[in-house]
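Undergrad: A predicted structure for the sequence below; I have some questions about it.
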Amino acid sequence: MIKVNNLTKRFGRHLAVAGATFEVEQGQVVGFLGPNGAGKTTTIRMLTGFLPPTSGSAAIDSLDVSRHSVEARRQIGYLPESVPLYRDMRVREYLRFRGQIKGLKGKALHARMDEVLERCGLREVRRKMIKTLSKGFRQRVGLADALIHDPPLLILDEPTNGLDPNQIRSIRHLIKQLGKSHTILLSTHILTEVEMICDKIVIIDDGKILASDTPSNLVSTMRAAGRISIEIRTDPEKARERMTALDHVKKVNYERSRDDWAEFSVLVESGTDTRERLARLAQDEGWPLRNLHRHDATLEDVFVELTRKD
Amino acid sequence: MTNLLILLRKELRGFFLSPFGWIILTLVTVMQGWSMSGAMKALQDAPIPESLVYIVFHMPQFWFYFLVIFPLITMRLFAEEERAGTLETLLTAPVQTWQLVLGKYLATLCFYLILWIPAFIQFQVFGILADVPPPFSTGSLLGAFLLIFLMGTLFIAIGSFASALTSSQIIAGAVTVGLLFIHYFLGYITVIYGDRFPAASLFQHISSSEHLRYFSKGLIDSRTIIYYLTAATFFLFLTHHVLNHRRWRS
C-alpha cells in the first residue's frame, strides 16, 4: 500500500529525513515510532503530498506521490498532528465541505457524513461550532474528515496527543476498529499504544529508519537487552570470574551485596538462555542460590536501545 | 472545475457568515454615501462641467477608502489558512494549488463586486427621487464601474499575493497597502513633475487615477482593460508559485 524508497528531505542545511526506505502492506496497522524531531511528521507530509521530497520516491497504492499527486492523495485519509480545522464552521458543515472537495456529492455525500458522524461519536455535536468543541471532539472531527471519502489508507499523526486518558482510550478503540477494514500508518511516541494496536513497527530517528519489523520480532532480536539477574552467597570477585568464563555470556556486572548475598546482572548473547548453566555452576561450586531471573525485553527497551543518544 | 466552485462557495460564505464581511460592507456603503452626498453638494455650490459620476469618483475621500478595501478583504485569504494549519488539510486533499488560488481569488472578487451594489443603487436612486434627469450619462456610469471592476481584479490579485507571502494577516495587510500606495503614487508622478520627460507616458499608462478619469467620462480603452487583466494574471501566477514554493522551502 505504501512503498517508500530512499526518501530524503533537506531543509537548507538540515537533513530531516535521510534515505528512508520501508513498506506498508495492504491491511496492516503500522506504528511509526520515533523520538520528537526524528522526522516522523516530515516523512508523513511527503507521503501526503504536502512537502515534495528532495530525492527518493514514495508511492501510495503504486501511485507516485510527486507524479500522480492528486490520485495518490485520493487514497489517503490524513489526520495532521495539530488537527487544523475551521473554527467558525459547524461540524456537519465542515464535513460536508471536506467531503465535497474529496469528490463526494449528493446522496453518497450524505450517507458518508451520517456514517462518519456515527462512527466517530459526533452525532450529538454535529450542529456545534468547531471552536466550542473540546480537544477530544476536535480530534474526532479530524478523524471523521480523514474517513469521509472512505480511503483505503489512513495516515494518523499522533492521534492521541494531548488527550485525557478516557479520550485516548476511545480514540484507540476507534483506531483498532478501523484497522480491521483499513491500512493504517500511525505515528506516535507512546509505546503502549503501538503494542496494543499495531501489526508492524517502523522506528525512525535522526531521519533514518532504524528498524522495520513486527513487535515480537523486534523484541526477540533485542533479547540482549534482556538480562539475567542472579543472587548468590559467595565472594563476588571469584564468582564473577567463574561466570564470565561460561559460553554466551557477554558481561557480568556485580550490582551490590545485601547481607552476604551478592547480586549480579548477566548480559547474554541474543537468542540464548544461560539460566540452566548458571544454576549448574552454582551447584557445582556450592554457592547458595536464591534468585535467578531473566528480564524479558520490552518494546521500550528496543526503542531506547535504538534511539538512545548517549 | 467542481473543486474550484466548492472552494469559491466556501470562501464567499465565509465573508457573510462572519461579522467581518458585514462590517466591511457597512463601512464601504457609508463611505460611498458620503462621496455621493459630497459630490451632490459640490454640484449645488458651484457649476462644474463634469458629470456626477466623475465627481463622485474624484472626491478626495474616494481613494482613501477605496485603497483600504483591498487589504481588508484579502489579508485573510492565505495567511489565515497558513496560521491555522488548514493549508495542510487543503493541499493534502485532492485539490490542486491553482484551484485553491483561483477559488479564493474569484470568491473575493465576487464579494468585492457585491460591495459596489450600494453605490450603483445610489446612482439609480438619484434619477428616481430627483425630478431632474440624472446629471450623468449611462456611458460614464458603466465606464466608471467597468474600471472599478478592473482595478478590483488587479488589486485583489496583489492582495492575494501578499497574503500568500506570510502567515500574519497584519503583515499581509501592510504589504498590500504598501504595494497599492506605490502603485497609486507611481501614477501620480506625472501630476507632480509634469509630463515633459520621456517616461511620462509610461507612468500615465500605469496610473489608475488617470484611467479612472477617462473611464468615468465613458471613454473605454481596450489597452487599459488588457493592462489590468494581464497584471492581475501575473500576480495570481506569483501567488500560485509562492504557495508551491513555501512547501519546497518550509
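TA: Okay, I see it.

Undergrad: contact partners for the residue in chain B that chain A sits nearest to?
TA: Per CB to the nearest CB, residue B:85 is where chain B lies closest to chain A, at 3.3 Å. From N, CA and C alone the C-beta is placed, and that goes for glycine too. The contact partners of residue B:85, taken as CB atoms under 8 Å, 6 or more residues apart in numbering or on different chains, are A:80, A:82, A:84.

Undergrad: turn those into a markdown table, columns for neighbour count and pLDDT.
TA: Shown next, in a markdown table, are those (neighbours: other CB atoms under 10 Å in any protein chain shown; pLDDT from 0 to 100):
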| residue | neighbour count | pLDDT |
| --- | --- | --- |
| A:80 | 22 | 93 |
| A:82 | 16 | 89 |
| A:84 | 19 | 93 |
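
Undergrad: just the closest of the residues you listed to chain B, please.
TA: Nearest to chain B out of these is residue A:84 (CB to the nearest CB; 3.3 Å).

Undergrad: hang on, the earlier thing: gap between the residue of chain B closest to chain A and residue A:191?
TA: Residue B:85 sits 27 Å away from residue A:191, going by CB to CB, to the nearest Å.

Undergrad: wait, residue A:62 sits on residue A:2?
TA: No. Here residue A:62 does not reach residue A:2: they are 10.1 Å apart, not a contact under CB atoms under 8 Å.

Undergrad: show me which of those two is the more surrounded one.
TA: Counted by other CB atoms under 10 Å in any protein chain shown, residue A:62 and residue A:2 do not tie: residue A:2 has more neighbours, with 23 against 9.

Undergrad: the helices in chain A, which residues?
TA: With helices called from DSSP state H, chain A shows them at A:40-47, A:69-74, A:91-101, A:106-119, A:135-147, A:165-179, A:191-197, A:215-221, A:236-244, A:275-285, A:299-307.

Undergrad: to residue B:99, which of those helices lies closest?
TA: Of all these, helix A:91-101 sits nearest to residue B:99, with 8.9 Å by CB to CB.

Undergrad: show me which residues of the closest one are buried.
TA: Residues of helix A:91-101 classed as buried by neighbour count (16 or more other CB atoms under 10 Å in any protein chain shown): A:91-101.

Undergrad: and stretch B:59-77, by the same measure?
TA: Buried residues in stretch B:59-77, counted by 16+ other CB under 10 Å: B:59, B:62-63, B:65-77.

Undergrad: near chain B, from the buried residues of helix A:91-101?
TA: Residues of the buried residues of helix A:91-101 in contact with chain B (CB under 8 Å from any CB of the partner chain): A:97-98, A:100-101.

Undergrad: kindly reformat the residues you listed as JSON lines containing pLDDT.
TA: Converted to JSON lines, these look like this (pLDDT from 0 to 100):
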{"residue": "A:97", "pLDDT": "94"}
{"residue": "A:98", "pLDDT": "95"}
{"residue": "A:100", "pLDDT": "94"}
{"residue": "A:101", "pLDDT": "93"}
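
Undergrad: now these as a markdown table including distance to residue A:267?
TA: Converted to a markdown table, these look like this (distance: CB to CB, whole Å):
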| residue | distance to residue A:267 |
| --- | --- |
| A:97 | 58 |
| A:98 | 53 |
| A:100 | 59 |
| A:101 | 56 |
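
Undergrad: what's the closest of these to residue A:120?
TA: residue A:98 (12.9 Å).

Undergrad: please name the nearest non-neighbouring residue to residue A:28.
TA: Among residues not flanking residue A:28 along the chain, residue A:199 sits closest, at 4.9 Å (CB to CB, 6 or more residues apart in numbering or on different chains).

Undergrad: can you check residue B:89 too?
TA: With CB to CB, 6+ apart as the criterion, residue B:89 has its nearest non-adjacent residue at 5.5 Å, and that residue is residue A:84.

Undergrad: tell me the contacts of that neighbour?
TA: Residue A:84 makes contact with B:84-89, according to CB under 8 Å, 6+ apart.

Undergrad: ok, now with 7 Å
TA: Contact analysis of residue A:84 by CB atoms under 7 Å, 6 or more residues apart in numbering or on different chains lists B:84-86, B:88-89.

Undergrad: once you drop chain neighbours, what's closest to residue B:153?
TA: In space, and not counting its chain neighbours, residue B:153 is closest to residue B:232: 4.2 Å by CB to CB, 6+ apart.

Undergrad: what's around that neighbour, how many residues?
TA: Every residue meeting other CB under 10 Å relative to residue B:232 is counted, giving 22.

Undergrad: quick check: it touching residue B:152?
TA: No. Checked against CB atoms under 7 Å, the pair residue B:232 and residue B:152 is beyond contact range at 8.9 Å.

Undergrad: what sits against the residue nearest to residue B:106 when sequence neighbours are not counted?
TA: Leaving aside its sequence neighbours, residue B:106 sits nearest to residue B:8 (CB to CB, 6+ apart; 5.2 Å). Residues near residue B:8 by CB under 7 Å, 6+ apart: B:103, B:106-107.

Undergrad: same thing but 10 Å
TA: By CB atoms under 10 Å, 6 or more residues apart in numbering or on different chains, the residues touching residue B:8 are B:99, B:102-110.

Undergrad: are any of those buried, and which?
TA: Counted by 16+ other CB under 10 Å, those give B:99, B:102-109 as buried.

Undergrad: where does pLDDT dip in chain B?
TA: Flagging of chain B using pLDDT under 70 yields the residue ranges B:1, B:247-250.

Undergrad: so where's the stretch 201-310 of chain A uncertain?
TA: For the stretch 201-310 of chain A, the stretches flagged by pLDDT under 70 are A:221-226, A:270-272, A:309-310.

Undergrad: got the residues of the stretch 101-250 of chain A near chain B?
TA: Within reach of chain B by CB under 10 Å from any CB of the partner chain, the stretch 101-250 of chain A has these residues: A:101-103, A:105, A:142, A:145-146, A:148-149, A:155.

Undergrad: thought residue B:14 was touching residue B:110?
TA: No. Residue B:14 is not in contact with residue B:110 according to CB atoms under 10 Å; the separation is 11.7 Å.

Undergrad: follow-up on the earlier one: between the ones next to chain B among the buried residues of helix A:91-101, which is nearest residue A:255?
TA: Set against residue A:255, the nearest of those by CB to CB is residue A:98 (57.5 Å).

Undergrad: my understanding was that the closest one contacts residue A:148; is that so?
TA: Yes. Using CB under 10 Å, residue A:98 is in contact with residue A:148, at 5.5 Å.

Undergrad: need the overlap of contacts for these two.
TA: Each of A:104, A:113, A:116, B:93 lies in contact with both residue A:98 and residue A:148 under the rule CB under 10 Å, 6+ apart.

Undergrad: noted, bye for now.
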